[in-house]
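1. take this sequence and fold it.
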Amino acid sequence: MKLRSGLMFAIVMTDSVESKQGKPDTQRAFRLMWARLGRKPGKKASLRMLLDVEDLPGEGWRRLGESSWRTGTGGIRSDGLKRAREAGSISAQRRFRRGDLQRMTIVIVPFASAADAKALETELRAGVIPYHPSKWKVASETIADYREGMLSLENPWAIEQRLEGTSGRALRRVASGTIDRFFIGVGSFSPDSRFTWEEICAIADLQGTKVKRVKALDQ
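-> Numbers count the residues shown, from 1 in each chain. Predicted coordinates for the structure are as follows:
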């Protein structure tokens, strides 16, 4: 099963928005830009749930940026995303760098219910790590069996994609799952396997633990 290479651009804001054919998708870019504008009640709560530099294992991490948007305002159409939008859900992502070539993105998407989060996970998991489809093509794809490293997550899932492009080769690794009504995704992008599966799954597990902790404090 090949993942939808352009899906990330319908879920989170990135520096470039392209269609599957590698051309600028101006309509989608406008929708995503609009989703970021104006007041977003719940933005602080969603960002507070995300891991930050001090939460990540090891050294050398730097935060590249963060963003939030109204859930369900991208290109994916579903009843679950519509309910999330009507409930005022705010999704958030935080981006990190370690060294010169290692990038990591963490995403949280709140839904109206746990059932919606579980049902939409397969649609969202493909988009955790953005890349330019005009520059990179998926050469191979493997479902990884590292679910035991994500004990805090329900429905844990992991995949590895090897990419080939004009500038060489790259590796995308994605781990995702749900906690109650929240979708959680963690993914890496690097020229090689500098991000190990143990690291990625450990970070996904830490993210799940932080969501549970923040939820408990808010109750």
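2. what about the longest helix in the chain?
-> What stands out as the longest helix in the chain, according to DSSP state H, is helix 197-218.
3. buried ones in that one?
-> By 16 or more other CB atoms under 10 Å, the buried positions in helix 197-218 come out as 197, 199-211. For every residue, glycine as well, the C-beta is placed using N, CA and C.
4. ditto for stretch 178-191
-> The neighbour-count check on stretch 178-191 (16+ other CB under 10 Å) flags 178-179, 181-190 as buried.
5. likewise for stretch 50-66?
-> Of all the residues in stretch 50-66, those buried under the rule 16+ other CB under 10 Å are 50-51, 56, 61.
6. and Tyr146, what is it in contact with?
-> Residues in contact with Tyr146, defined by CB atoms under 8 Å, 6 or more residues apart in numbering, are 158, 175, 197-198, 200-201.
7. likewise for Asp79?
-> Residues in contact with Asp79 (CB under 8 Å, 6+ apart) are Asp116.
8. wait, what's in contact with the closest residue to Leu151 other than its chain neighbours?
-> Of all residues beyond its chain neighbours, the one nearest Leu151 is Asp205 (6.1 Å), with distances taken as CB to CB, 6 or more residues apart in numbering. By CB under 8 Å, 6+ apart, the contact list for Asp205 reads 149-153.
9. now stretch 185-192: average pLDDT?
-> Model confidence over stretch 185-192, given as mean pLDDT, is 88.
10. can you list contacts of that stretch?
-> Stretch 185-192 is contacted by residues 101-107, 109, 124-125, 127-129, 131, 168-176, 195, 200, 203-204, 207 when judged by CB under 8 Å, 6+ apart.
11. tally of neighbours for the nearest residue to Ser89 once chain neighbours are set aside?
-> Distances taken as CB to CB, 6+ apart place Thr71 nearest to Ser89, at 3.8 Å, with adjacent residues excluded. The local packing count at Thr71 equals 30, with neighbours defined by other CB atoms under 10 Å.
12. Ser46 too?
-> The burial metric for Ser46, expressed as a neighbour count using other CB under 10 Å, is 23.
13. do you know how far the residue lying closest to Pro57 once chain neighbours are set aside is from Ser68?
-> Excluding its sequence neighbours, the residue lying closest to Pro57 (CB to CB, 6+ apart) is Ala202, at 6.1 Å. With distances taken as CB to CB, to the nearest Å, Ala202 is found 25 Å from Ser68.
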